[in-house]
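>>> Whatever this is, show me its structure:
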Amino acid sequence: MLHRNARLVLTAAAATVLVLTGRASTPVFWQVATRADFLKGEVENLSIDNDGRLSLGPATTPVHDAGAPFVWSLVAGTDGAVYAGTGNEGKVFKVGADGQATTFYDAGELAVHAIAPAPGGGLYVAASPDGRIYKVDAKGQATPFYDPDDKYIWSLAVDPAGNVFAGTGEKGVVYKIAPDGKGAVFYRTRATSVLSLAFDRDGHLLASTESPGRVFRIDGDGKGFVLLDTPYQEIHQLRLDAQGAIYATAINGSKGGSEASGAEVTQAEPSKTAAPVPTVTTEITSISILDVGGAMGEKPVTPRAAPRAAKGALYRIAPDGVWDTVWESQEDIPYDVALDGKGGVIIGTGTKGKIFHVAGDPPRVTLVGHADAQQVTTFLPAASGETYYATSNPGRILRLSARRAARGSFDSEVRDAITVSSWGTISWRASTPAGSSVELRTRSGNSDKPDDTWSAWSEPYQNSEGEQIRSPKARYLQWRVTLAAKDASPVLTSVTADYLQRNLRPKVTGITVYPPGIVFQKPFSTGEAEIAGFEEGWPDTRPSPAALAAGTPTVSPAQGPPLGRRTFQKGLQALSWKADDDNEDKLQYDVLYRRETDTAWKTVRRGVIDQLFVWDTTSVPNGTYLVRVVASDAPSNPPGSALTGEADSTTFDVDNTPPAVRFTGLRTEGGRHIVSFEVRDDHSAVQRVDSSSDANRWRPIYPKDGICDSRVEQFELVVDGDPSNVVIRAIDAMTNVATARANGETAKPVK
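So this is what the prediction gives:
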């Protein structure tokens, strides 16, 4: 719905744009007012809530650009530093409390997928694809710690006794390694990979897997129990809250079961996060990067849905084992989840780097961040209440503040006006508490992505009720809104821009000529069956609810009006066509015809409003014809401004005259009569000839040359009885029928 302020200016805006050019089409109003609309744009330090309102969000601060495509894992150091495992050069970076970054350790392999704290301020570092674990001291000096048979190590966790657990692929084995580096197989999941490890509140090991996507609880004796079996390919990450509930991110396609129902949520209410326990850590896992080719050190490729079809979900498993779905999406892939300490969760996703906050009962979803990267791969809560997060493509580390930003901006999606257009007015609806502001600017260009050929951003518009857009005429338009506040945040709920396209010529993209006599009944006629397209005018083509419920066959408006049962009517020729108009103008059609040998077109019907027409061809002589359909956008344009487009059909035959049967002789041989006759048609080929001597069954007769394929055919028929009882039936290629008795009497043509 258009907001109140926009309504005030619509009439004036339309009048303004109509003055701009004499070649005007109907003004187009582009409104951004829903959550789905706003999610198409790019946000910086702004939030988009469940109701589609734009306001200031948590401040995001860059921490470190890793100079690598992937940041796989983050761990907090005892000295306040943050450590990051990366790929594709297998380095671990240390970002100090002062923000300075150094290379802490170079594994000499392609990727470091998992890291975990080691005694004395060091790290355990899992490198792939050679599948080794190194123990690196606080000075960055490394010694080999454990070398399993597996190529990939996706996850590490350390228990209070200092034992290290490693989740691996390609066989889905969990290893337990003592502090002295001696290890053995602890549990075989019979999955492809073990992607994440954690400990529940009773000290049991939790493991999530890929192919299948499951969550296991493993006791101290290595006995496993499946807590959650999902239809997703992998459970990517596990996190726990203070009450012992487990959160599990599921991603990347479905192997069965119900489809994700949408981008919204079902109920769950996460609890307050637990304080960090230094000796019990969980570190992550592999990230399945879909967009970067040639990356080595990733886990073995499993067939997946394409990015545009990717699905994901967040599950919550209660301490009693009962689980529910917190969040689902058909578009965003959840890689990690963090707890906000207030009963909500923060979800980091790909493939567009969105960060969502889910809280409340019923749950409400708010976009709270949008990284300038394809994936938000992992979170690391800080004691200060802030949350570090890592990205991939490119690999970066950022910090999400617990405080609201003082300033943020939103860039709309680029609007394609199809052709160079004249911009009208732009208006918006917002609430601006004292000390807050909303600034709106526009820019335009003729390339589909903004670049240095676009116009500069305009000066801020001042009148929210509507102001003439100052950007130059172009095909593409974009607007930017900046929100700022000292205290309470402003809230933007909608933006409306209008423009006038240059009128474009409609196009007739194809004409279908149906077989002669094939027509369709109107689907919703209440009395005697009526033929669709046969009479001028056509009722509303939208199917009624009753018709839809009854399953009445229909054709979409882009393909023509709805059609009912197919039937046959001699002498009628049905034609349909496809037409479109880039201005989305309403169209009407003129139908013309001519014989193939003529040059002048004659009008059959003007002002046809549907893409179907039935022509009574008995009104014209037999011959070969073409039809021309001329589309006009006159119904949507002022007089003198309409444009037309046309297309011609292929040739087709009109023949409403039956063939002629002429008897040429009768002779007797061996007591049997032989009737000779000729079938001739002036326009169409003879298609079939039959005979009947009992007024009951028809039997085919073949011509002397063996096949009916020309306009003149010669026949001989052997008759055992009286030849005067024999009836000959001849049918031409246009289904005209003639009958005649062998004594020379000719019946009336069948129509």
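
>>> pull the CA atoms of stretch 447-467 into CSV?
These are the backbone C-alpha positions of stretch 447-467, laid out as CSV (Å, rounded to 0.1, in the frame of the first residue of the first chain):
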residue,chain,number,x,y,z
SER,A,447,25.1,0.3,-17.3
ASP,A,448,23.4,-2.3,-15.2
LYS,A,449,26.0,-2.0,-12.4
PRO,A,450,26.9,1.4,-11.0
ASP,A,451,30.4,2.5,-12.1
ASP,A,452,32.3,5.6,-12.9
THR,A,453,30.0,6.3,-15.9
TRP,A,454,27.0,6.8,-13.6
SER,A,455,26.0,10.3,-12.4
ALA,A,456,27.3,11.4,-8.9
TRP,A,457,25.0,11.1,-6.0
SER,A,458,22.5,14.0,-5.9
GLU,A,459,22.3,16.4,-3.1
PRO,A,460,19.9,15.3,-0.3
TYR,A,461,16.2,15.7,-1.0
GLN,A,462,14.4,17.7,1.6
ASN,A,463,10.7,17.1,1.2
SER,A,464,9.6,13.7,2.2
GLU,A,465,6.2,14.3,0.6
GLY,A,466,7.8,14.3,-2.8
GLU,A,467,10.5,16.1,-4.7
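
>>> got the buried residues for it?
454, 458, 461, 464, 466, 467 (16 or more other Cβ atoms under 10 Å). Bear in mind the C-beta positions are built from the backbone N, C-alpha and C, glycine included.

>>> do the same with stretch 68-87
For stretch 68-87, using 16+ other Cβ under 10 Å, the buried residues are 68-77, 81-87.

>>> Just these: which are in strands?
The members of these that map onto strands under DSSP state E are 70-76, 82-87.

>>> The residues you listed: which two are farthest apart?
76 and 87 (20.7 Å; Cβ to Cβ).

>>> so residue 421 makes contact with residue 498?
No: using Cβ atoms under 8 Å, residue 421 is not in contact with residue 498; the gap is 10.0 Å.

>>> So for these two, which residues contact both of them?
Each of residue 28 lies in contact with both residue 421 and residue 498 under the rule Cβ atoms under 8 Å, 6 or more residues apart in numbering.

>>> Do a quick rundown of the helices in the protein.
Taking DSSP state H, the helices of the chain run over residues 4-20, 35-38, 545-550.

>>> Any buried residues in the second one, and which?
By neighbour count with 16+ other Cβ under 10 Å, helix 35-38 contains the buried residues 35, 37, 38.

>>> of those, closest to residue 331?
Closest approach to residue 331 among the buried residues of helix 35-38 (Cβ to Cβ): residue 35, at 12.6 Å.

>>> Distance of that closest one relative to residue 356?
Going from residue 35 to residue 356 by Cβ to Cβ, to the nearest Å gives 11 Å.

>>> what's the answer for residue 599, then?
Residue 599 is 67 Å from residue 356, where distance means Cβ to Cβ.

>>> Compare those two and say which is more crowded by neighbours.
Shown here are residue 599 and residue 356; by other Cβ atoms under 10 Å, residue 356 has more neighbours (25 against 6).

>>> domain parsing for this structure?
Taking automatic domain parsing as the reference, the chain has its domains at 4-46+409-501, 63-291+308-401, 507-654, 660-741.

>>> dump the residue contacts of the closest residue to residue 315 other than its chain neighbours.
Once flanking residues are discounted, residue 315 sits nearest to residue 248: 4.6 Å by Cβ to Cβ, 6 or more residues apart in numbering. The contact partners of residue 248, taken as Cβ under 8 Å, 6+ apart, are 208, 215, 228, 235, 237, 238, 314, 315, 316, 317.

>>> rerun at 7 Å
208, 215, 228, 235, 238, 315, 317 (Cβ atoms under 7 Å, 6 or more residues apart in numbering).

>>> quick one: which of those residues is nearest residue 583?
For those, the closest approach to residue 583 (Cβ to Cβ) belongs to residue 315, at 47.7 Å.

>>> Now do the contacts for the closest one.
228, 230, 248, 250, 323, 325, 326.

>>> Kindly recompute the last result at 8 Å.
215, 228, 230, 235, 247, 248, 249, 250, 323, 324, 325, 326.

>>> what do you get for residue 715?
Contacts of residue 715 by Cβ under 8 Å, 6+ apart are 676, 677, 678, 679, 689, 701, 702, 703, 704.

>>> switch to 10 Å and redo it
Neighbouring residues of residue 715 by Cβ atoms under 10 Å, 6 or more residues apart in numbering: 661, 663-664, 675-679, 686, 689, 691, 701-704, 708, 728, 730.

>>> Can you tell me which of these are buried?
661, 663, 675, 677-679, 686, 689, 691, 701, 703, 708, 728, 730.

>>> what would these look like in TSV with distance to residue 435 and pLDDT?
Below are the buried ones among the contacts of residue 715 laid out as TSV (distance: Cβ to Cβ, whole Å; pLDDT from 0 to 100):
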residue	distance to residue 435	pLDDT
661	98	95
663	106	93
675	107	93
677	103	96
678	101	96
679	96	97
686	92	96
689	95	97
691	100	94
701	98	96
703	97	96
708	91	93
728	99	95
730	94	97
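
>>> where in the stretch 201-350 of the chain is pLDDT low?
Flagging of the stretch 201-350 of the chain using pLDDT under 70 yields the residue ranges 253-310.

>>> between the buried residues of helix 35-38, which is nearest residue 569?
Proximity of those to residue 569 (Cβ to Cβ) peaks at residue 37, which lies at 49.3 Å.

>>> That closest one and residue 130, how far apart?
49 Å.

>>> and the residue nearest to residue 371 when sequence neighbours are not counted, what are its phi and psi?
Leaving aside its sequence neighbours, residue 371 sits nearest to residue 353 (Cβ to Cβ, 6+ apart; 3.6 Å). With angles defined as degrees, to the nearest 10, residue 353 shows backbone torsions of phi 70, psi 30.

>>> what about residue 353, neighbour count?
By other Cβ under 10 Å, neighbour count at residue 353 equals 22.

>>> dump the residue contacts of it.
42, 332, 369-377, 389, 391-393.

>>> redo that, cut-off 7 Å
By Cβ under 7 Å, 6+ apart, the contact set of residue 353 is 370, 371, 372, 373, 374, 375, 376, 391.

>>> Any idea what residue 350 is bridged to?
residue 333, residue 375 (DSSP bridges).

>>> Surely it and residue 371 touch.
No: Residue 350 lies out of contact with residue 371 (Cβ atoms under 7 Å); the separation is 9.6 Å.

>>> Looking at the two, which one has more neighbours?
A count of neighbours by other Cβ under 10 Å puts residue 350 above the other of residue 350 and residue 371, at 29 against 24.

>>> pLDDT below threshold where in this protein?
Low-confidence regions of the chain, defined by pLDDT under 70, span residues 1-25, 253-310, 524-529, 533-562, 744-751.

>>> rewinding a little: format the buried ones among the contacts of residue 715 as a markdown table; extra columns: distance to residue 158.
Output for the buried ones among the contacts of residue 715, formatted as a markdown table (distance: Cβ to Cβ, whole Å):
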| residue | distance to residue 158 |
| --- | --- |
| 661 | 100 |
| 663 | 106 |
| 675 | 104 |
| 677 | 102 |
| 678 | 101 |
| 679 | 96 |
| 686 | 91 |
| 689 | 93 |
| 691 | 96 |
| 701 | 94 |
| 703 | 94 |
| 708 | 89 |
| 728 | 98 |
| 730 | 94 |
